[in-house]
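Novice: Based on what follows, work out the 3D shape:
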Amino acid sequence: MSQDRPIPLDEYPVHQTPLSMKHVATGDRNAYDRCIFHLVDHTGRALLILGLGVYPNTGVIDAYATLRLGDTLHAVRASDALTDDRMNMSVGPLRITVDEPLRRFTLTCDADPTDPDSLSYEISWTADFPAVWEPHHVQYRGDRLMLEGRRFVQAGGCTGEIRVGGERIRLDPAHWTGTRDRSWGVRPIPGEEGGRAAEEHRPEGFHWLWIPARFDDRFVMVVAQEDADGHRTLNEALLVREGENDVQLGWPHTDITYRSGTRHPERAVVHLTDPARKPLELGVEILTSSPLAVGAGYPPADDWQHGTWQGRGWTDRRAYDLSDPAAHPMAAYGVIDHAARFTLDGRTGYGIFEHGTFGRHDPSGFTGYESTAP
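Specialist: You can find the predicted model right below:
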């Protein structure tokens, strides 16, 4: 009897290739399809980041949630074998329910039944602005295509409750902001580190900014990726309003003030330009930070990374002390999500200042991997 039978999703007219919806169009082991949500407390006391991904060619589904509260990062991670039910976005205690596509979602983390003080939440996330495309993202290492992804981003509000350590944190749109990113394509998962490309084509430097900023009446999206010499390989700056055409805001340039002796941003100004060539300044004040390499499974995490097989029904909960950066030395070599307060034309907004800068970056004055701000 054949094990490769149609799956329920094949009933719907959504096919893009002459294959079952069980399969993706590429045989690349790095094929992925995932999402990330950010929930930002306007006071900077808390930052909740959660996501879920599937890896069809390795047969893995996994998810995570991290809550930074003060100097403690509470993390929940889960992984399992991918099933044929691709509409079921749940693994272990973590669930993402699409109540209305591109509009409403329910985000759930069940408590550990053996520990009532463990992290749990039930949150309704509602979009306030249309989802917008980010640029098509392609990245090579030597001749090897390492990343090809398609993404869209969106901003909204959230209601609900987070529970941890006996505390209940209420979420409401007046005091919390939500952003989310949805992406799919191919992206390296552990196992791609070796060979000639790794030995001969290690990048001299990499600089990354991803900035979704939500204001009451508008949403600003900025993304920029640069090589060691400042050459821009990915670029976008958009102003989004409900019911209006998106407005391009030129070629963004960012001045970042780093904490002395580190590459930790404390504030920044993103220089933009409206269609009438009027300069605009997006001010950034960092409220709190969550390194994605700690708890959330992004490289170079050393305890768990996305897409890796952990066995069936794997769940892991732990807390990390972020008060001492030396306790997590690899975090500085991964992307860090900073909850931020933004200003633009007299308006105040909130969102994420996602930042990563490794190795040489001439525009910032960094000369190598060990170089830091004066």
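Novice: Show me what secondary structure element comes after the worst-scoring helix or strand of the chain on mean pLDDT.
Specialist: Comparing every helix and strand of the chain by mean pLDDT, DSSP states H and E singles out helix 195-200 as the least confident one, with a mean of 67. Later in the chain than helix 195-200, the nearest helix or strand by DSSP states H and E is strand 205-214.
Novice: May I have the strands that pair with the very next helix or strand once past that following strand, each with its orientation?
Specialist: Next in sequence after strand 205-214, counting helices and strands by DSSP H and E, comes strand 219-227. Here strand 219-227 is paired, per DSSP bridges, with strand 205-214 (antiparallel), strand 232-240 (antiparallel).
Novice: With mean pLDDT as added columns, please give these in a markdown table.
Specialist: Formatted as a markdown table, these follow (pLDDT from 0 to 100):
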| stretch | mean pLDDT |
| --- | --- |
| strand 205-214 | 97 |
| strand 232-240 | 97 |
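Novice: Let me know which of those strands is the nearest to residue 46.
Specialist: strand 205-214 (16.8 Å; C-beta to C-beta). Heads up, the C-betas are built off the backbone N, CA and C, glycines and all.
Novice: Give the buried residues for the closest one.
Specialist: 205-207, 209-214 (16 or more other C-beta atoms under 10 Å).
Novice: Stretch 333-351 too?
Specialist: Here stretch 333-351 shows 333-344, 349-351 as buried, counting by 16+ other C-beta under 10 Å.
Novice: Which pLDDT value does the model give the closest residue to residue 310 other than its chain neighbours?
Specialist: Nearest non-adjacent residue to residue 310, counting by C-beta to C-beta, 6 or more residues apart in numbering: residue 79, 4.3 Å away. With respect to pLDDT, residue 79 scores 98.
Novice: and what of residue 140?
Specialist: With respect to pLDDT, residue 140 scores 86.
Novice: Tell me how many other residues crowd it.
Specialist: By the measure other C-beta atoms under 10 Å, the count of residues near residue 140 is 13.
Novice: So in the protein, which strand runs the longest?
Specialist: strand 144-164 (DSSP state E).
Novice: I'd like to know which elements it is packed against.
Specialist: Where contact means 3 or more C-beta pairs under 8 Å, 6 or more residues apart in numbering; DSSP states H and E, strand 144-164 is packed against strand 60-69, strand 120-127, strand 132-133, strand 137-141, strand 167-171, strand 176-186, strand 205-214, strand 219-227.
Novice: Tell me which two of the buried residues of strand 205-214 sit farthest apart.
Specialist: Maximum distance among the buried residues of strand 205-214 (C-beta to C-beta): 30.5 Å, for 205 and 214.
Novice: Could you list the low-confidence segments of the chain?
Specialist: Scanning the chain for pLDDT under 70 picks out 1-3, 192-199, 201.
Novice: and if we set it to 50?
Specialist: Where the chain drops to pLDDT under 50, the residues are 1-2.
Novice: can you give me the offset of stretch 107-119 from its chain's centre?
Specialist: 23 Å (C-alpha atoms, centre = their mean, to the nearest Å).
Novice: ditto for stretch 133-145
Specialist: With C-alpha atoms, centre = their mean, you get 17 Å for stretch 133-145.
Novice: how far away is the residue nearest to residue 327 when sequence neighbours are not counted from residue 72?
Specialist: Distances taken as C-beta to C-beta, 6+ apart put residue 321 closest to residue 327, at 6.3 Å, once the chain neighbours are dropped. Residue 321 is 6 Å from residue 72, where distance means C-beta to C-beta, to the nearest Å.
Novice: For the two, indicate the residue with more neighbours.
Specialist: residue 72 (14 against 10).
Novice: what's the burial count for residue 146?
Specialist: A count of nearby residues for residue 146, using other C-beta under 10 Å, gives 16.
Novice: Verify the stated contact: it with residue 140.
Specialist: Yes - Residue 146 is in contact with residue 140 according to C-beta atoms under 8 Å; the separation is 6.3 Å.
Novice: quick revisit: same list (the helices and strands packed on strand 144-164) but as TSV, adding distance to residue 275.
Specialist: Output for the helices and strands packed on strand 144-164, formatted as TSV (distance: least, C-beta to C-beta, whole Å):
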stretch	distance to residue 275
strand 60-69	38
strand 120-127	25
strand 132-133	17
strand 137-141	25
strand 167-171	36
strand 176-186	25
strand 205-214	19
strand 219-227	14
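Novice: Out of the ones you listed, which gets nearest to residue 33?
Specialist: Of all the helices and strands packed on strand 144-164, strand 176-186 comes closest under C-beta to C-beta, at 4.1 Å.
Novice: so residue 332, which of the three states?
Specialist: When classified by DSSP: H, G, I helix; E, B strand; the rest coil, residue 332 comes out as helix.
Novice: so the nearest residue to it once chain neighbours are set aside is in which element?
Specialist: Counting by C-beta to C-beta, 6+ apart, residue 332 lies nearest to residue 263, which is 6.5 Å off, once chain neighbours are set aside. For residue 263, there is no enclosing helix or strand under DSSP H and E.
Novice: For residue 263, give me its contacts.
Specialist: 332, 357, 366, 372-373 (C-beta atoms under 8 Å, 6 or more residues apart in numbering).
Novice: Was I right to think the residue nearest to residue 310 contacts residue 58?
Specialist: No - Residue 79 sits out of contact with residue 58 when judged by C-beta under 8 Å, with a separation of 10.9 Å.
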